[in-house]
Every structure is written in structure tokens, then in C-alpha cells.
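*Asks:* Give me a 3D structure for the following:
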Amino acid sequence: MQRASRLKRELSLLTTEPPPGITCWQNEHGLDDLRAQILGGADTPYEKGIFNLEIVVPERYPFEPPKIRFLTPIYHPNIDSAGRICLDVLKLPPKGAWRPSLNISTLLTSIQLLMAEPNPDDPLMADIVRE
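*Replies:* All right, here's what the predicted structure looks like:
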């Protein structure tokens with residue numbers, strides 16, 4: 001019950017006060033299946049791009065992070081060809097930095113920042129990092 005009310009509150013905030021360049025909505029399959037769009041940032045290789053993402057919210061949310069992946073292909077050292085994202089806030093400790101105080105809006109903003117500033121020290125695509 002707590003999970004459902006938190007998700008509804010987060011979705012409501014994402015609808016009324018979305019972060020700049022980010023939209024998020026509930027997919028028709030239920031409350032735990034979301035979609036998002038991130039606009040490519042100005043002065044980045046992704047400028048004017050629209051990137052679709054899939055968000056699957058686990059049963060244990062917020063104690064477990066949502067699973068987020070790109071549906072739109074993207075050439076990025078921290079995102080693989082299947083759309084999986086290498087970002088510490090998407091993983092549980094000790095290897096990750098997920099905390100229950102984080103929310104979907106924060107995660108999407110972090111992904112948007114990663115698009116603008118790749119992390120060459122933690123690549124998923126080693127061949128891209130060399131470029």
C-alpha cells in the first residue's frame with residue numbers, strides 16, 4: 001500500500017512539476033510499468049534528440065531501485081546496446097548508491113546528467129570510452 005501511494009505521489013509531481021527536459025508517465029500495463037522521455041541536452045552530442053526509457057518499479061520499492069533502461073538506441077560509454085545503464089544510484093549498496101530517499105525524478109535527472117557528462121572510469125562499452 002505504501003509503495004502504491006508513493007508511486008502515485010511521485011507520478012503526480014512528475015506530471016505537475018517535471019524536471020526540465022524530462023517527462024514520465026504510467027504505461028497501460030499498471031502502476032509499476034512506467035515510460036519516460038529525456039530530451040538531449042544543449043551542447044551535447046544528443047542535442048535535439050528524444051530518448052525513450054522504460055522504468056520497471058520492483059515490489060520492494062523504495063527499498064530497491066527501479067530498473068531503468070533506454071528503449072531508444074544511444075551511443076554512450078555508460079549505456080550498452082540493450083539500453084542498460086551503468087549508474088551507481090541504480091544499484092543497491094555496497095556497489096551502488098541507491099537510498100530509499102531517492103525518487104524516480106532524481107534518477108531521471110541523474111541519467112540526464114550522465115548523458116551530458118559520461119563517466120569514463122566505469123564504462124559499459126569499453127570501445128566507446130576509448131574514443
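
*Asks:* Point out where this structure drops to low pLDDT.
*Replies:* For the chain, the stretches with pLDDT under 70 are 1.

*Asks:* need the longest helix for the protein.
*Replies:* When the chain is scanned for its longest helix (criterion: DSSP state H), the result is helix 2-16.

*Asks:* after that helix, next one along is what?
*Replies:* As assigned by DSSP states H and E, the chain's next helix or strand after helix 2-16 is strand 22-26.

*Asks:* Partner strands of that following strand and their direction?
*Replies:* strand 33-39 (antiparallel) (DSSP bridges).

*Asks:* about what we covered before: quick one: work out the angle between the longest helix of the chain and strand 22-26.
*Replies:* 140 degrees (axes from the mean of the first three to the mean of the last three CA atoms, to 10 degrees).

*Asks:* May I see the buried residues of helix 2-16?
*Replies:* Buried positions in helix 2-16, judged by neighbour count with 16 or more other CB atoms under 10 Å: 3, 6-7, 10-11, 14. Glycine gets a C-beta too; all of them are placed from N, C-alpha and C.
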